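Asks: No sequence on hand, only this structure:
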């Protein structure tokens, strides 16, 4: 059975990306492994007292992310494709590529929002990083607003 790694960020385009990946998975007879990479600094807030850590903020964010992963997993399963999910903390690009390698993925599917230029300079592009560093084939799905 082939494996597709699908990183999700719960943005507005996540459902579109899931549906596209399900169609692709059916064509190649593959399972989907959803991954969300949470920031390592969840719960840290900077204020007039400097950095402060609020464990309840981290706990609530992790609960939300797991709920969303479960929702997306059920969306995939309802369309007839085997699916699992995992939540990891770390640096997104490195964590996704490491996970894909460890799980012997056949493909990584990522979305492209069509941003470029100044956005990439200041924010960076996860899609660009993954396509540049991956030794596993990467399918880039356009997720632009119409």
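Replies: Happy to help now that I have it. Every value quoted in this text rests on a predicted model; they were computed, and no experiment measured them.
Asks: what helices or strands is the helix or strand harbouring residue 132 leaning on?
Replies: In this assignment (DSSP states H and E), residue 132 forms part of helix 126-133. On a contact count with 3 or more C-beta pairs under 8 Å, 6 or more residues apart in numbering; DSSP states H and E, helix 126-133 meets helix 92-102, strand 107-112, strand 138-142. Yep, even glycine has a C-beta here, placed from its N, CA and C like the rest.
Asks: Now stretch 63-80: average pLDDT?
Replies: On average, the pLDDT along stretch 63-80 is 96.
Asks: what does it contact?
Replies: The contact list for stretch 63-80 (C-beta atoms under 8 Å, 6 or more residues apart in numbering) reads 8, 10, 14-15, 18-19, 21-22, 26, 32, 34, 36, 38, 83-87.
Asks: hmm, which of the residues you listed are the buried ones?
Replies: 8, 14, 18, 21-22, 32, 34, 36, 38, 83, 85 (16 or more other C-beta atoms under 10 Å).
Asks: Using JSON lines, lay out those together with distance to residue 72 and secondary structure.
Replies: Putting those into JSON lines (distance: C-beta to C-beta, whole Å; DSSP: H, G, I helix; E, B strand; the rest coil) gives the following:
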{"residue": "8", "distance to residue 72": "6", "secondary structure": "coil"}
{"residue": "14", "distance to residue 72": "7", "secondary structure": "helix"}
{"residue": "18", "distance to residue 72": "6", "secondary structure": "helix"}
{"residue": "21", "distance to residue 72": "10", "secondary structure": "helix"}
{"residue": "22", "distance to residue 72": "10", "secondary structure": "helix"}
{"residue": "32", "distance to residue 72": "9", "secondary structure": "strand"}
{"residue": "34", "distance to residue 72": "6", "secondary structure": "strand"}
{"residue": "36", "distance to residue 72": "9", "secondary structure": "strand"}
{"residue": "38", "distance to residue 72": "15", "secondary structure": "strand"}
{"residue": "83", "distance to residue 72": "8", "secondary structure": "strand"}
{"residue": "85", "distance to residue 72": "7", "secondary structure": "strand"}
